[in-house]
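J.: give the three-dimensional model of this entry:
(one chain, ligands or ions: 1)
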Amino acid sequence: MPPAITASALDLIGGTPLIALDRAHPGPGRILAKAEFMQPGGSVKDRAARAILLAARADGRLAPGAPVVEMTSGNMGAGLAVACAALGHPLVVTLSAGNSPQRARMLEALGAEVVLVPQVDGLPGQVTGADVAAAAEDAGRLARERGGFYVDQFHAPEGVGIHRDTTGPEIWAQTGGQVDAWVASVGTGATFLGVAAALRARNPHVVCAAVEPAGCRPLAGEPVAKPRHVLQGTGYGSVPPHWDAALMDLALSVSDDEAARWRRLLATREGLHVGYSAAANVCAAVALLASGRLPADAVAVTVLCDTGLKY
Ligand SMILES: Cc1ncc(COP(=O)(O)O)c(C=O)c1O
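T.: Numbering: from 1, shown residues only. Presented below is the predicted three-dimensional model:
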């Protein structure tokens, strides 16, 4: 039986299932994937959105009914739209015009005011760090003009904190502590860092692998040769502000073609229609399990970051 009554959509955030991807990856080892696409905003970002707004309301930075402003690639905006609707705040989001038009439509459907920001050096479907910086600048300006609370997801500490306090412990409990590796792509780094910190605190031997787009690998210490890629929401070409290199054992790279291939495989073999970063995570987990670095029966946990419906 599902819970009788949830007080609001906020209570649908977190507590996601862990899915065994045994059809897409029969071995070696096993891949378990956190189903973050099942959250009300459709992505992993719902957790950070709720955490940042609740913290800001608790310490008075966000007054009841005051506007909320943020730059988003779509997912943070959707999470914020869900939380803003439930908590009673208007939401203004700036979105690089390079993100898929479905994202703007989804955000508007959830009640957000969407401000599209022209791309600086990216292409439609391929948003670069410079594109994101331009959208963030507009968000900061709009927050000042409207007297709104600027979420500033890249600098908000609650993002890493909520994954350390919820996603990581959920994975540990769901696997009964049987987790050998953690694999995740990096936008703000909140998901990767928070879960890595939680798992390492329980078992310092968990191998933590960050996922980067091929040619755009600052975490691997490489110069950025190809800032454009399809892994929307991740791989912005610079090391995020909260980055803690001690939590990363290795950085794996995934090409656009590999991500597209795994996206198709997850849909047709598992019935899971997810986004490119989710597919890249699975692709990287397969590579890690095949690399010989882990035992043949190792369990790699990763995250299906968002639904594929808005690409
Ligand atoms: C599709 C997608 N995947 C992965 C991420 C990365 O999440 P994080 O910001 O926690 O690193 C994001 C972030 O917006 C995203 O939108």
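
J.: what about the residue in the stretch 151-300 of the chain that the ligand sits nearest to, which SS state?
T.: Residue nearest to the ligand within the stretch 151-300 of the chain: Gly233 (2.3 Å; C-beta to the nearest ligand atom). For glycine as for every other residue, the C-beta is placed from the backbone atoms N, C-alpha and C. Under DSSP: H, G, I helix; E, B strand; the rest coil, Gly233 falls in the coil class.

J.: quick one: contacts for it?
T.: By C-beta atoms under 8 Å, 6 or more residues apart in numbering, the contact list for Gly233 reads Ser43, Ser73, Gly74, Asn75, Ser185, Gly187, Gly275, Ser277, Cys305, Asp306.

J.: so what's the fourth one up against?
T.: Think Asn75. Going by C-beta under 8 Å, 6+ apart, the list of residues near Asn75 reads Gly41, Gly42, Ser43, Val44, Lys45, Gly233, Cys305, Asp306.

J.: picking that back up, mind putting the contacts of Gly233 in a markdown table, pLDDT, distance to Arg146 and secondary structure included?
T.: Converted to a markdown table, these look like this (pLDDT from 0 to 100; distance: C-beta to C-beta, whole Å; DSSP: H, G, I helix; E, B strand; the rest coil):
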| residue | pLDDT | distance to Arg146 | secondary structure |
| --- | --- | --- | --- |
| Ser43 | 97 | 25 | strand |
| Ser73 | 84 | 21 | coil |
| Gly74 | 89 | 21 | coil |
| Asn75 | 94 | 22 | helix |
| Ser185 | 98 | 32 | strand |
| Gly187 | 96 | 25 | coil |
| Gly275 | 97 | 30 | coil |
| Ser277 | 97 | 31 | helix |
| Cys305 | 98 | 30 | coil |
| Asp306 | 97 | 28 | strand |
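
J.: ok, which of these also contact the ligand?
T.: Residues of the contacts of Gly233 in contact with the ligand (C-beta under 6 Å from any ligand atom): Ser43, Ser73, Asn75, Ser185, Gly187, Gly275, Ser277, Cys305, Asp306.

J.: rewinding a little: for the residue of the stretch 151-300 of the chain closest to the ligand, give its distance to Thr175.
T.: Separation of Gly233 from Thr175 (C-beta to C-beta, to the nearest Å) stands at 25 Å.

J.: how near is the residue in the stretch 1-150 of the chain that the ligand sits nearest to to Asn99?
T.: Taking C-beta to the nearest ligand atom, the ligand has its nearest neighbour within the stretch 1-150 of the chain at Asn75, 3.6 Å off. Distance from Asn75 to Asn99, counting by C-beta to C-beta: 10 Å.

J.: could you do Ala181 as well?
T.: Per C-beta to C-beta, Ala181 is found 30 Å from Asn99.

J.: who in the stretch 1-150 of the chain is up against the ligand?
T.: Close to the ligand, as judged by C-beta under 6 Å from any ligand atom, the stretch 1-150 of the chain has residues Ser43, Val44, Lys45, Ser73, Asn75, Met76.

J.: from those residues, which two are the most distant?
T.: Val44 and Ser73 (12.1 Å; C-beta to C-beta).
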